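A.B. asks: Here you go, sequence then predicted model.
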Amino acid sequence: MSGHSKWATIKHKKAALDSKRGAMFTKIIRELTISARQGGGNPDANPRLRMAIQKAKDANMPNDNIDRAVKKGTGELEGMTLEEITYEGYGPGGVALLIMVLSDNRNRTTSEIRSIFEKKGGNMAAQGAVNWLYEKKGYLVVNKTVIDEEKLMNIVLDAVAEDMQTEDNGYSITTSPNDFEKVRKALDDKKIKIELAELTMIPKNTIKVVGDEAKKLLNLIGDLEDHDDVQNVYANFDIPDEIMNEMEKE
């Protein structure tokens, strides 16, 4: 879990400071649109949309942009037709990758994702080759300075969290997808600041990757994440903290 926690926190910080705000907004707008299309435009009845709206607000997206994206999803405004696609593959060191995409052109996106894999030392895999290595989970991170470990554990376990682990700088909490909102609300009700909260794919096991291979892997993941159509990239790596810290500084 430590590798997942470190990388998730790095990505969250980078997104908050991202100079390519337009690209970040595009990804969020697509998530808002497809969430509203699939589950309706009422966030109280649509947990996925509720999370997308919170992510948009965290990125300081104007409310008008959020409203337009939701209306495009519900059909009140005209918008592009988006398709959800999952690509699977392997990176340097044999690390298993899941790439979640929202695309308006499957053929173009597939070609571009394959090109990134080939240029960065990975290869795409058949559907189902990698997906079984992951479980969908709710995932939250709370900084150690916010609350005592025992108090936090009592709160999240009472809210039916599955697990809580102590990391270097914070506590990582995992939940079932169905209990994610309940645990998040329990923390909000106690005014406990949450650094990161997301529904994510957690690997069942990890592969240790070191040295140049680790850097190549992170470069591959970075290029995939920079693609406009890619919403999320999941990888079952275990990379030493010193290499992760180098990436955080870049």
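C.D. replies: Perfect, thanks for sending it. Here the structure is a predicted model, which means the values were calculated and not measured. Numbers count the residues shown, from 1 in each chain.
A.B. asks: going forward, measure contacts and count neighbours with C-alpha atoms only.
C.D. replies: Fine.
A.B. asks: for stretch 196-204, which positions count as buried?
C.D. replies: Of all the residues in stretch 196-204, those buried under the rule 16 or more other Cα atoms under 10 Å are 196-203.
A.B. asks: scratch that, stretch 228-236
C.D. replies: Quick answer for stretch 228-236 (16+ other Cα under 10 Å): 229-236.
A.B. asks: what about it, average pLDDT?
C.D. replies: On average, the pLDDT along stretch 228-236 is 92.
A.B. asks: ok, which stretches of this structure are strands?
C.D. replies: Per DSSP state E, the chain carries strands over the ranges 83-90, 96-103, 123-125, 134-143, 163-166, 170-175, 196-203, 207-208, 230-235, 237-238.
A.B. asks: closest to E149 among the buried residues of stretch 228-236?
C.D. replies: Checking these against E149 with Cα to Cα, the nearest one is N236 at 26.8 Å.
A.B. asks: need the contact list for the closest one.
C.D. replies: For N236, the contact set (Cα atoms under 8 Å, 6 or more residues apart in numbering) comprises 4, 95-97, 202-203, 205-207.
A.B. asks: most surrounded residue in the residues you listed?
C.D. replies: For these, the largest number of neighbours (other Cα atoms under 10 Å) sits with L97, at 27 neighbours.
A.B. asks: and that one, what does it touch?
C.D. replies: By Cα under 8 Å, 6+ apart, the contact set of L97 is 88-91, 130, 233-236.
A.B. asks: could I get these as JSON lines with distance to I113?
C.D. replies: Below are these laid out as JSON lines (distance: Cα to Cα, whole Å):
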{"residue": "E88", "distance to I113": "10"}
{"residue": "G89", "distance to I113": "10"}
{"residue": "Y90", "distance to I113": "12"}
{"residue": "G91", "distance to I113": "13"}
{"residue": "V130", "distance to I113": "16"}
{"residue": "V233", "distance to I113": "12"}
{"residue": "Y234", "distance to I113": "14"}
{"residue": "A235", "distance to I113": "15"}
{"residue": "N236", "distance to I113": "19"}
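A.B. asks: What is the nearest of those to L102?
C.D. replies: Of all those, L102 sits closest to V233, with 12.3 Å by Cα to Cα.
A.B. asks: Can you tell me the number of residues neighbouring the nearest residue to that closest one once chain neighbours are set aside?
C.D. replies: With sequence-adjacent residues excluded and distances taken as Cα to Cα, 6 or more residues apart in numbering, V233 is closest to I99, at 4.6 Å. I99 has 19 neighbouring residues, counting by other Cα under 10 Å.
A.B. asks: Look up how far D188 lies from I99.
C.D. replies: The span separating I99 from D188 equals 30 Å under the rule Cα to Cα, to the nearest Å.
A.B. asks: same thing with N219?
C.D. replies: 35 Å.
A.B. asks: which one in the protein is furthest away from the centre?
C.D. replies: When distances are taken from the C-alpha mean of the chain, E76 lies farthest, 28.2 Å away, according to Cα atoms, centre = their mean.
A.B. asks: That one and G41, how far apart?
C.D. replies: Distance from E76 to G41, by Cα to Cα: 10 Å.
A.B. asks: What of I221?
C.D. replies: 32 Å.
A.B. asks: is it true that N219 touches K120?
C.D. replies: Yes - between N219 and K120 there is a contact at 7.4 Å, judged by Cα atoms under 8 Å.
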